[in-house]
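Student: need a structure here:
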Amino acid sequence: MTEHTVRAFDEQLKQLKNLIVQMGGLAEAELENAMLALTRRDTALAQATVGSDSRLDQLEQEVSALAVRMLALRQPMATDLREIVSALKISSDLERMGDYAANVAKRSIALSQLPAVRAAGSIPRMARLVQVIIKDVLDSYVERDTERAIEAWSRDEEVDEMYTSIFRELLTYMMEDTRTISACTHLLFVAKNIERIGDHATNIAEIVHFLVLGRGIDRVRPKGDTTSFAVVTPAQTPPQGGRE
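Tutor: Below you'll find the predicted structure:
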């Protein structure tokens, strides 16, 4: 390739990376705003957060169009090929993260019309951990830092464990007081959406590892979500009246 062609290709790779960074910033902001809307019971912020998701969709389309054009015209190999394929995969994960954050915002609108549930306090803690993971995986992408990517990847188990704890807590509340069923059901979906955002963040960590080293992480992803097997039984009601 001529020097001009190489320079143009490098500019396209840089543009692709910048689009991913923009998407990452928007995904982070969406989750943060969704959680603020939830904790503050702010319906206006929730609606704005839902509306902002279209920008992420638009950026994903831009990444896809640019990547396809580069693959068709440049026929890249080795590291350059991994760069383009990785950008395609990461943009898909970021778009899904935005969808889940928008779902959290939608649930917060319904929750703002219901009495607050004490268990809701555990969910922001899980969201903060997921936000840390998102930041770390995006930084690892920008800096090509596989160690940071693996550290973030390993923390997904902690998110799963927090989700399992919240799941069991909410089920317990619903059994103890049927008046909380509506709010607790919305909170269960909120918690699951946040847990799924964490999963997509760890997907990105795996992609970064592949991008830099050309191979996947040679370990099974740690999982701490045991909700599929969770059984919560109501507390025994003490007998009423006098002695048997």
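Student: pLDDT weak spots in the protein?
Tutor: 1-5, 119-120, 222, 224-225, 228-244 (pLDDT under 70).
Student: what about the residue positioned nearest the centre of it, which SS state?
Tutor: Closest to where the C-alpha atoms of the chain average out (Cα atoms, centre = their mean) is Ile197, at 1.6 Å. Of the three states, Ile197 takes helix under DSSP: H, G, I helix; E, B strand; the rest coil.
Student: which residues does it contact?
Tutor: Residues near Ile197 by Cβ atoms under 8 Å, 6 or more residues apart in numbering: 31, 97, 100-101, 130, 134. C-beta: built from backbone N, CA, C; applies to glycine.
Student: which of those sits closest to Met23?
Tutor: Met97 (9.0 Å; Cβ to Cβ).
Student: which secondary structure element contains His68?
Tutor: His isn't right for residue 68; it's Val. helix 43-74 (DSSP states H and E).
Student: could the contacts of Ile197 be laid out in JSON lines, adding distance to Gln58?
Tutor: As requested, those are exported to JSON lines (distance: Cβ to Cβ, whole Å):
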{"residue": "Leu31", "distance to Gln58": "18"}
{"residue": "Met97", "distance to Gln58": "15"}
{"residue": "Tyr100", "distance to Gln58": "18"}
{"residue": "Ala101", "distance to Gln58": "16"}
{"residue": "Val130", "distance to Gln58": "24"}
{"residue": "Ile134", "distance to Gln58": "20"}
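Student: ok, those residues vs Ser108, which is closest?
Tutor: Distances from Ser108 to the contacts of Ile197, taken by Cβ to Cβ, are shortest for Ala101, at 10.7 Å.
Student: next, the buried residues of stretch 205-223.
Tutor: 205-212, 217 (16 or more other Cβ atoms under 10 Å).
Student: how about Ser52, nearest residue that isn't a chain neighbour?
Tutor: In space, and not counting its chain neighbours, Ser52 is closest to Glu30: 6.3 Å by Cβ to Cβ, 6 or more residues apart in numbering.
Student: between the helix or strand hosting the one you found and helix 43-74, how big is the angle?
Tutor: According to DSSP H and E, Glu30 maps onto helix 3-40. Counting by axes from the mean of the first three to the mean of the last three Cα atoms, to 10 degrees, helix 3-40 lies at 160 degrees to helix 43-74.
Student: going forward, count from 302.
Tutor: Okay, using 302 as the starting number, the last item reads as helix 304-341.
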